[in-house]
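Trainee: Coordinates for the following, if possible.
(one chain, ligands or ions: 1)
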Amino acid sequence: MTTAGTSPNGALPFPPGFAWGAATAAYQIEGAASTDGRTPSIWDSFSHLPGKISRGDTGDIACDSYHRYREDVALMASLGLNSYRFSVSWPRVQPGGAGAVNQKGLDYYRALLDELASKDIAPAITLYHWDLPQELQDAGGWAVRSTAQRFAEYAAIVAGALGGQAARWITLNEPQVVANNGYRTGVHAPGLRDAEAARAATHHLLLGHGLATGALRSVLPAGAAIGITLDLHPVRVPEAVPPDRVEQARLATDTELNGLFLEPVLHGRYPSRARAVLVPHESLIAPGDLETISQPIDFLGVNYYSPVYLRAGDPDDLRRNEEPARCELPGVVEYRPAGLARTPMGWLVDPDGLYDLLLRLSKDAPGLSLYITENGCAAEDYVSPEGAVNDVERVRFLHQHLEAAARAAKDGARLAGYYVWSLLDNFEWGWGYQKRFGIVFVDYETQRRIPKSSASFYAQVVRANAVPSLPDGAPA
Ligand code: FCB
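Mentor: Residues are numbered from 1 along each chain as shown. All right, here's what the predicted structure looks like:
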């Protein structure tokens with residue numbers, strides 16, 4: 001629903017009943033990698049291979065949230081959050097990814113849910129945030145169809161055990177990143193560089209989403225909210241009348257980054273425009289698969305970090321701030337527009353991209369609730385001699401993106417919630433502990449948690465259910 005304009009003090013309000021949360025993922029925070037019957041996931045194997053992760057970091061200990069979840073829930077309560085997005089570690093609750101459950105693993109999540117309930121924090125559970133049981137990888141991983149079936153079985157187990165207590169269920173986190181980084185470029189687990197496997201993984205991830213959605217519906221009480229989280233990247237061309245090839249590149253890039261996953265889920269088809277090398281081969285698509293994939297969901301989870309900008313250019317003779325275009329069309333480059341900053345991840349900071357994305361989704365899928373399930377930035381955080389972490393860059397980033405989100409809601413986007421990535425600094429995949437995304441600083445030597453300035457800022461927004469107006473001329 002939309003709201004009236006700004007309040008008298010200039011603050012931009014969010015819709016009533018808005019979900020305010022923080023997000024994490026099991027492998028990134030839990031640690032306790034071999035505790036209480038957990039077996040290795042592909043991220044355990046991958047992170048232990050020499051040279052795969054910056055400085056050889058692993059998630060063996062991470063933030064030790066497996067043992068410190070009470071403290072972490074208390075932190076969220078102190079910030080006034082009303083929701084927590086976390087993921088369940090598949091090899092913790094079903095070691096090996098098939099067959100018997102591990103009761104101790106389920107008990108951990110039940111205790112976490114009880115703790116959240118005691119503080120009135122509604123859980124949003126992600127079933128797959130990238131930690132596939134290693135045994136399923138040994139059998140082919142997402143490149144084989146049986147993994148989708150195993151995933152639905154696991155979803156039913158988790159929902160059966162924890163279902164009464166969860167507010168929101170997210171099947172998969174960012175299947176685009178799984179297929180691309182895990183199977184095509186190999187910078188993520190399982191580290192494959194195999195275009196055919198990546199195409200197959202695309203289909204089997206989506207099929208897994210559909211089968212799991214069906215399984216969840218049959219196990220969960222009526223009214224349970226089920227959705228999927230996609231990483232979405234607005235593709236932007238500032239020129240009013242771009243050359244044809246730039247417009248073509250815009251459509252191609254949007255199709256390949258966004259449409260390849262949005263269209264099957266929302267409309268039951270793979271986009272006709274995408275390059276054959278990316279679209280699942282038709283021999284993989286059994287009758288009924290696209291209906292399974294596109295069965296109704298209750299919400300779409302949107303992870304937004306950065307857009308892609310395109311202009312005419314020569315990929316063989318790049319100018320400053322240009323890069324080759326990922327769509328590989330001739331005469332076009334990606335670039336950083338003057339005035340847009342990059343985070344330490346190299347990602348463009350562009351809150352207007354979030355605004356455009358939310359309005360576009362509200363047109364593409366009218367009636368579907370949207371949650372921003374991740375948004376945030378890495379920053380070069382440090383503890384001052386006084387013991388504080390004054391992360392001004394992150395405060396500015398959150399301020400600008402929350403303002404864009406509130407504006408989108410005012411202008412008609414069906415935005416129902418926002419989860420900052422992340423509650424805690426944590427194991428940032430290939431970057432290990434070198435990139436900090438938390439609103440709470442983690443001293444990995446002592447596991448001490450120190451809320452940063454961004455945590456106070458976020459708590460203020462949550463309390464007001466509104467974002468204060470941006471200072472005039474705030475730098476991008
Ligand atoms: C997203 C992931 C999340 C985190 C952020 C920075 O792609 O879903 O786990 O790593 O990026």
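Trainee: confidence score at the residue nearest in space to the middle of the chain?
Mentor: In the chain, the C-alpha nearest the mean C-alpha coordinate belongs to residue 303, at 4.5 Å (CA atoms, centre = their mean). Residue 303 carries a pLDDT value of 99.
Trainee: What residues does the stretch 251-400 of the chain have near the ligand?
Mentor: For the stretch 251-400 of the chain, the contact set with the ligand under CB under 6 Å from any ligand atom comprises 303, 374. Every residue, glycine included, has its C-beta placed from N, CA and C.
Trainee: Quick check: the residue nearest to the centre of the chain touching residue 370?
Mentor: No - the criterion here is CB atoms under 8 Å, and residue 303 misses it with residue 370 at 11.5 Å.
Trainee: give me the element the nearest residue to residue 318 once chain neighbours are set aside is part of.
Mentor: With CB to CB, 6 or more residues apart in numbering as the criterion, residue 318 has its nearest non-adjacent residue at 6.5 Å, and that residue is residue 333. Taking DSSP states H and E as the definition, residue 333 sits inside strand 332-335.
Trainee: So for that strand, mean pLDDT?
Mentor: With pLDDT averaged residue by residue, strand 332-335 scores 98.
Trainee: Then stretch 252-264?
Mentor: Per-residue pLDDT values across stretch 252-264 average out to 98.
Trainee: got it, and stretch 59-68?
Mentor: Stretch 59-68 shows a mean pLDDT of 98.
Trainee: Report the buried residues of it.
Mentor: Neighbour-count burial for stretch 59-68 flags 59, 61, 62, 63, 64, 65, 66, 68 (criterion: 16 or more other CB atoms under 10 Å).
Trainee: about what we covered before: just the CA trace of the strand holding residue 333, in CSV.
Mentor: What follows is strand 332-335 as a C-alpha-only set of coordinates in CSV (Å, rounded to 0.1, in the frame of the first residue of the first chain):
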residue,chain,number,x,y,z
VAL,A,332,29.2,-1.4,-26.2
VAL,A,333,30.9,-1.1,-22.8
GLU,A,334,29.9,-1.1,-19.2
TYR,A,335,31.1,2.0,-17.3
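Trainee: what separates the following helix or strand past it from the chain centre, distance-wise?
Mentor: Toward the C-terminus, strand 332-335 is succeeded by helix 351-364 as the next helix or strand (DSSP H and E). When distances are taken as CA atoms, centre = their mean, to the nearest Å, helix 351-364 is centred 16 Å away from the chain's centroid.
Trainee: Which residue ranges of the stretch 301-450 of the chain form strands?
Mentor: Ranges of strands in the stretch 301-450 of the chain, per DSSP state E, counting those that start in this stretch, are 308-312, 322-324, 332-335, 369-374, 415-421, 440-443, 448-451.
Trainee: again with the stretch 151-300 of the chain
Mentor: Under the criterion DSSP E, counting those that start in this stretch, strands of the stretch 151-300 of the chain are mapped to 168-173, 225-231, 235-236, 299-303.
Trainee: ok, and what's touching the last one?
Mentor: Going back to what we said before, that points to strand 299-303. With contacts defined as CB atoms under 8 Å, 6 or more residues apart in numbering, strand 299-303 is touched by 168, 170, 173-174, 225-232, 265, 357-358, 361, 365, 368-375, 416, 421.
Trainee: same thing with the longest one?
Mentor: Contacts to strand 225-231, defined as CB under 8 Å, 6+ apart, come from residues 126, 167-177, 209, 213, 216-217, 220, 258, 261-262, 265, 297-305, 369, 371, 373-374.
Trainee: Can you tell me how far the residue nearest to residue 48 when sequence neighbours are not counted is from the ligand?
Mentor: Leaving aside its chain neighbours, residue 48 sits nearest to residue 58 (5.9 Å; criterion: CB to CB, 6+ apart). Per CB to the nearest ligand atom, to the nearest Å, residue 58 is found 15 Å from the ligand.
Trainee: and what of residue 317?
Mentor: Counting by CB to the nearest ligand atom, the gap from residue 317 to the ligand is 32 Å.
Trainee: Check residue 269 too.
Mentor: For residue 269, the distance to the ligand equals 25 Å [CB to the nearest ligand atom].
Trainee: Dump the buried residues of stretch 59-68 to a markdown table, plus secondary structure and distance to residue 156.
Mentor: Shown next, in a markdown table, are those (DSSP: H, G, I helix; E, B strand; the rest coil; distance: CB to CB, whole Å):
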| residue | secondary structure | distance to residue 156 |
| --- | --- | --- |
| 59 | coil | 26 |
| 61 | coil | 31 |
| 62 | coil | 28 |
| 63 | coil | 29 |
| 64 | coil | 30 |
| 65 | helix | 25 |
| 66 | helix | 24 |
| 68 | helix | 30 |
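Trainee: residues touching the residue nearest to the residue nearest to the centre of the chain when sequence neighbours are not counted, list them.
Mentor: Of all residues not flanking residue 303 in the chain, residue 374 sits nearest, at 3.9 Å (CB to CB, 6+ apart). Residues in contact with residue 374 (CB under 8 Å, 6+ apart) are 23, 229, 303, 304, 305, 419, 420, 421, 422.
Trainee: ditto for residue 156
Mentor: Residue 156 makes contact with 215, 216, 218, 219 under the criterion CB under 8 Å, 6+ apart.
Trainee: Now, of the residues you listed, which are buried?
Mentor: The neighbour count (16+ other CB under 10 Å) marks 215, 216, 219 as buried among those.
Trainee: so the first one makes contact with residue 152?
Mentor: Yes - the pair residue 215 and residue 152 qualifies as a contact (CB under 8 Å) at a distance of 4.4 Å.
Trainee: which one of the buried ones among the contacts of residue 156 sits closest to the ligand?
Mentor: residue 216 (20.4 Å; CB to the nearest ligand atom).
Trainee: Tell me the spacing between the closest one and residue 162.
Mentor: From residue 216 across to residue 162, the span is 11 Å (CB to CB, to the nearest Å).
Trainee: hang on, the earlier thing: and the two most separated of the contacts of residue 156?
Mentor: Every pair in these was compared (CB to CB); the two farthest apart turn out to be 216 and 218, at 7.4 Å.
Trainee: need the contact list for the residue in the stretch 1-150 of the chain that the ligand sits nearest to.
Mentor: The ligand sits closest to residue 25 of the stretch 1-150 of the chain, with a gap of 4.8 Å, by CB to the nearest ligand atom. Residues in contact with residue 25 (CB under 8 Å, 6+ apart) are 86, 87, 126, 129, 130, 173, 426.
Trainee: let's see 10 Å
Mentor: Contact analysis of residue 25 by CB atoms under 10 Å, 6 or more residues apart in numbering lists 43, 59, 85-89, 126, 128-131, 173, 374, 421-422, 426-427, 429.
Trainee: How about residue 208?
Mentor: Neighbouring residues of residue 208 by CB under 10 Å, 6+ apart: 127-128, 142, 145, 147-152, 154-155, 171-172, 175, 201, 292-293.
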